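Participant: sequence first, predicted coordinates after that:
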Amino acid sequence: MLFPKVSVVGAVCLESARIHFHSRRYRSAWLALRQALELNPNCVEAWHLAGVIFHQVDQPAAAMVAYNRVLSIAPNDYITWYSRGRVLELLGDRTAAISSYGAVIAGSPNYQDAARRRDRLIQQYSCTPI
């Protein structure tokens, strides 16, 4: 079965972005992701990688936009909930970070790092789980 041209081009752009990312060429990765997202604005993988890139280059607000976009498309993406929690910690929003880690734990109880991070935040700041 042949795939539509847009799907093939989008997949090539996404793979190019991954290669650039792993080579730490973040600007080139972002440019490839933008092309992939122009072809498919609901591409969860592209939005997640955008969040990772923005987090890596110390742009947490942009990372949050990307992660929130993923979650609007795929609300049970527990890796994104976890990544979102990490960025929220960086932004100092402990309560929202605890909530994000809680979403991970609720959907994927064996995700131990999320439980450790949530429990550390609760202990450290005397917060209650949400």
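Facilitator: Arrived safely, thanks for sending. Note that the coordinates shown come from a computational prediction; the quantities given were computed from them, not determined experimentally.
Participant: scan this structure for its longest helix.
Facilitator: Longest helix in the chain by number of residues, with DSSP state H as the criterion: helix 5-22.
Participant: pull out the buried positions in the next helix or strand after that one.
Facilitator: Helices and strands here follow DSSP states H and E; after helix 5-22, the next one along the chain is helix 26-39. For helix 26-39, burial by neighbour count (16 or more other Cβ atoms under 10 Å) applies to Tyr26, Ala29, Trp30, Ala32, Leu33, Gln35, Ala36, Leu37, Leu39. (Glycine included, C-beta is placed from N, CA and C.)
Participant: closest to Asp58 among these?
Facilitator: Tyr26 (10.6 Å; Cβ to Cβ).
Participant: coming back round to it: JSON lines for the buried residues of helix 26-39, including pLDDT?
Facilitator: Formatted as JSON lines, the buried residues of helix 26-39 follow (pLDDT from 0 to 100):
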{"residue": "Tyr26", "pLDDT": "96"}
{"residue": "Ala29", "pLDDT": "96"}
{"residue": "Trp30", "pLDDT": "96"}
{"residue": "Ala32", "pLDDT": "95"}
{"residue": "Leu33", "pLDDT": "95"}
{"residue": "Gln35", "pLDDT": "94"}
{"residue": "Ala36", "pLDDT": "93"}
{"residue": "Leu37", "pLDDT": "94"}
{"residue": "Leu39", "pLDDT": "90"}
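Participant: if we can go back for a sec, the longest helix of the chain to helix 26-39, inter-axis angle?
Facilitator: Relative orientation of helix 5-22 versus helix 26-39 (axes from the mean of the first three to the mean of the last three Cα atoms, to 10 degrees): 160 degrees.
Participant: one step back: closest one of the buried residues of helix 26-39 to Ala50?
Facilitator: Ranked by distance to Ala50 (Cβ to Cβ), the buried residues of helix 26-39 are led by Leu33 at 5.2 Å.
Participant: which residues sit in contact with the residue nearest to the closest one when sequence neighbours are not counted?
Facilitator: Leaving aside its chain neighbours, Leu33 sits nearest to Ala17 (4.5 Å; criterion: Cβ to Cβ, 6 or more residues apart in numbering). Contacts were defined as Cβ atoms under 8 Å, 6 or more residues apart in numbering; by that measure Ala17 touches Ala29, Trp30, Ala32, Leu33, Ala36, Ala46, Leu49.
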